[in-house]
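# I'll drop the sequence and a predicted model, then ask my questions.
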Amino acid sequence: MHFLEDGAGGLFEGDAWPSDPTEGDPGSEINLKSWESCQIRRLLSRMEQYDRTTWLMQYESFLQQALRVVRTECLGRRFGILHADMQGFQVLNRIYGERAGNSMLRAFAAFLRRCDSYVCGSRVFADQFAMLFTIPPDISLQGMAKKLVSEGEQFLAEKRNLHPRSHLAFVGGICAVEGTPESLHPLVSRADKARRDLKPTLRSRCGIFTEAMEVCRLQRQSLYEDIAKALESRGVFFLLQPQIDIATGTVVGAEALARMRTPDGKIIMPDSFVPLLEESGDITSLDFTIYGQVCKHMQRRQQSGKPLVPVSLNISREHFRNPTFVSEFHSLVQAHDLAPRWVGLEITESVFVKKLEEISESVRQLKQFGYSIWLDDFGAGYSSLNVLKDVPFDFIKIDRGLLGTGEIAPTNKSIINSVVRLAEDLNMGILCEGVENASQRDFLSRLGRIQAQGFYYAHPMSLEDFEHLLDSGRKFHPLDVENS
């Protein structure tokens, strides 16, 4: 079917071309030009509703057309939404070029139109497509998923000889259309979630949006709302977890840990809000809120003549996409009359996986200003040694996973011992997080001068409790006292 035709064989959604306006009125040139101009405008308007590469409908036009179909025929047919893409398409595009990529997109669009269940479709963006399809009475949603995968595999097999250096797979998610929805966009999103939740493999596959996914979606939406309430009500605050010198039990620093509180008093933990804020890009605003609060606390304490200990702050990967981050951060610290030596910056190893050189340059600038730089979660990633080679860290923070929850495994003991020796050779300090019992503490104490952080010493605590701890001069489980 041509992109300007409909099921009735006419043009412009069933409209037929109007008769010649000059019939019965010879020589009416003005009427003819007006008529032609009107038809050209209608044709251009119609073309704007279509993607120029695939000649499938633009997404918004697709949603409107599909909704009209569903509402008109909801009693006679069952419908579903497909969200699909070609895994490996980016590789094809890179190897064979944009022209070959566009040709493949057109072929994929044509494949969708040929499906006997096809009603209407859209290229959402890149190689991602949405389609409204019918579900025959004798086929389940699972059956439709298998059918679409089989047809998608056959289509890609036919095209494989054109792009032998790329391996494409059909990956889709489907969602049933129930009743007469107000909009189909949420259903497209649900089909997309079913697609994204599939485990990555090289095989074609198609997922189905389930009730469990809907429960997860509602929980996520509720969490979004709680986070929004906390942000609007200035419910962002921080706790401090002491960092202890194992040999003396002295508090030598603290890590600032972000928390959120909704207006009704509900506390939201970082493992819930950090991924969502990283996804939305709002994590940088949250971080700077915490940075400002910590600096204000330290300034107030400094002005009162009370002793300070360094406080370490977590730096999200999003900050390194901002070329002015270093200057903005340093200006904030200076505005509170703080020396950079009182601020540590914790950066996880995973941040350095991409664009290592650019991030390393930002880290060097921060170090030149006088901030101590911490490599957080060391041992949790795969390129930690490479990062140590290229970035001038002051401290290595050993990941809690190497300690476990009880007795440290022999293999992990060997790894920790090697990391400590490596840090000594590189003139870096060591802190081990997640210390939960005396046996772990005792093992670490035999390796040298190490700092510790964990529930064995103290849980994250309020600002007031931490200040009381500092001012009291209390020591935590010093080895010399226990061994005397």
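Now that the structure is in, tell me what you want to look at.
# who does the helix or strand in which residue 255 is found touch, helix- and strand-wise?
Per DSSP states H and E: residue 255 is located in strand 251-261. If you count contacts as 3 or more Cβ pairs under 8 Å, 6 or more residues apart in numbering; DSSP states H and E, strand 251-261 packs onto helix 211-232, strand 236-245, strand 267-268, helix 270-280, helix 283-303, strand 311-314, strand 451-453, helix 463-472. Where C-beta positions appear, they are placed from N, C-alpha and C, glycine not excepted.
# in the first one, what's buried?
What that stands for is helix 211-232. Within helix 211-232, the residues that count as buried by 16 or more other Cβ atoms under 10 Å are 213, 226-227, 229-231.
# and which of those residues is nearest residue 59?
Closest approach between those and residue 59, by Cβ to Cβ: residue 213, at 22.0 Å.
# my read: that closest one touches residue 197, true?
Yes: using Cβ atoms under 8 Å, residue 213 is in contact with residue 197, at 7.1 Å.
# hmm, back to that, out of the helices and strands packed on strand 251-261, the one nearest residue 185 is which?
Comparing these by Cβ to Cβ, helix 211-232 comes nearest, at 13.7 Å.
# now what about that closest one, what contacts it?
190, 193-194, 197, 235-236, 260-263, 266, 268, 272-273, 276-277, 282, 286 (Cβ atoms under 8 Å, 6 or more residues apart in numbering).
# what about 7 Å?
193-194, 236, 260-263, 266, 268, 272-273, 276 (Cβ atoms under 7 Å, 6 or more residues apart in numbering).
# of these, grab the buried ones for PyMOL.
A single PyMOL command selects the buried members of those (16+ other Cβ under 10 Å):
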select buried, resi 193+194+236+260+261+262+268+273
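# now the contacts of helix 211-232 as TSV including pLDDT and distance to residue 365?
Formatted as TSV, those follow (pLDDT from 0 to 100; distance: Cβ to Cβ, whole Å):
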residue	pLDDT	distance to residue 365
193	92	40
194	94	44
236	93	27
260	93	30
261	92	34
262	90	37
263	89	39
266	88	39
268	90	33
272	89	33
273	91	29
276	87	30
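# closest one to residue 80 out of the contacts of helix 211-232, please.
Nearest to residue 80 among the contacts of helix 211-232, with distances taken as Cβ to Cβ, is residue 194, at 11.0 Å.
# just the strands in the stretch 51-200 of the chain please.
78-87, 118-125, 128-135, 169-177 (DSSP state E, counting those that start in this stretch).
# can you add mean neighbour count, distance to residue 427 and mean pLDDT and give those back as CSV?
Formatted as CSV, the strands of the stretch 51-200 of the chain follow (neighbours: other Cβ atoms under 10 Å; distance: least, Cβ to Cβ, whole Å; pLDDT from 0 to 100):
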stretch, mean neighbour count, distance to residue 427, mean pLDDT
strand 78-87, 23, 46, 96
strand 118-125, 20, 50, 95
strand 128-135, 23, 50, 96
strand 169-177, 23, 49, 96
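# closest to residue 432 out of the ones you listed?
That would be strand 78-87 among the strands of the stretch 51-200 of the chain, by Cβ to Cβ, at 40.8 Å.
# so in terms of bridging, what pairs with residue 259?
residue 237 (DSSP bridges).
# now for it: which residues touch it?
237-239, 267.
# same deal with residue 156?
168, 170.
# same question for residue 89.
Neighbouring residues of residue 89 by Cβ under 7 Å, 6+ apart: 104, 127, 168.
# give me that answer again for 8 Å
101, 104, 126-127, 168.
# same question for residue 396.
Counting by Cβ under 8 Å, 6+ apart, residue 396 has contacts 374-375, 378, 388, 419, 423, 428-431.
# helix or strand right after the host helix or strand of it?
Taking DSSP H and E as the definition, residue 396 sits inside strand 395-398. Remark: after strand 395-398, the chain's next helix or strand is helix 410-425, criterion DSSP H and E.
# buried residues of that next one, list them for me.
Those would be 412-413, 416, 419-420, 422-423, for helix 410-425 by 16+ other Cβ under 10 Å.
# turn the residues you listed into CSV, including distance to residue 203.
Converted to CSV, the buried residues of helix 410-425 look like this (distance: Cβ to Cβ, whole Å):
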residue, distance to residue 203
412, 36
413, 41
416, 40
419, 39
420, 44
422, 41
423, 44
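# near residue 49, how many other residues are there?
By the criterion of other Cβ atoms under 10 Å, residue 49 has 16 neighbours.
# list the contacts for it?
With Cβ under 8 Å, 6+ apart, residue 49 has these contacts: 57-58, 61.
# if we can go back for a sec, tell me the two of the contacts of residue 396 that are most distant?
Greatest spatial distance in those: 388 and 431, 15.2 Å, computed using Cβ to Cβ.
# compare neighbour counts for the two and give me the winner.
residue 431 (27 against 19).
# sticking with that one, tell me its helix or strand.
Counting by DSSP H and E, residue 431 is part of strand 429-433.
# tell me which strands and helices that strand is in contact with?
strand 395-398, helix 410-425, strand 451-453.
# what is the very next helix or strand once past that strand packed up against?
Using DSSP H and E, the helix or strand that follows strand 429-433 towards the C-terminus is helix 438-445. Helix 438-445 sits against helix 410-425, with contacts defined as 3+ Cβ pairs under 8 Å, 6+ apart.
# so what secondary structure elements neighbour the helix it packs on?
strand 395-398, strand 429-433, helix 438-445.
# what's in contact with that helix?
378-379, 388, 396, 398, 402-404, 408, 429-430, 432, 443-444, 447-448, 450.
# next: stretch 102-109.
By Cβ under 8 Å, 6+ apart, stretch 102-109 touches 53-56, 86, 89, 92, 121, 123, 127, 129, 155, 159, 163.
# could you check the angle the strand holding residue 431 makes with strand 236-245?
120 degrees (axes from the mean of the first three to the mean of the last three Cα atoms, to 10 degrees).
# okay, now the sheet partners of strand 429-433, with direction.
In the sheet, strand 429-433 lines up with strand 395-398 (parallel), strand 451-453 (parallel) (DSSP bridges).
# looking at those strands, which is nearest to residue 471?
Across these, closest to residue 471 is strand 451-453 (Cβ to Cβ), at 20.3 Å.
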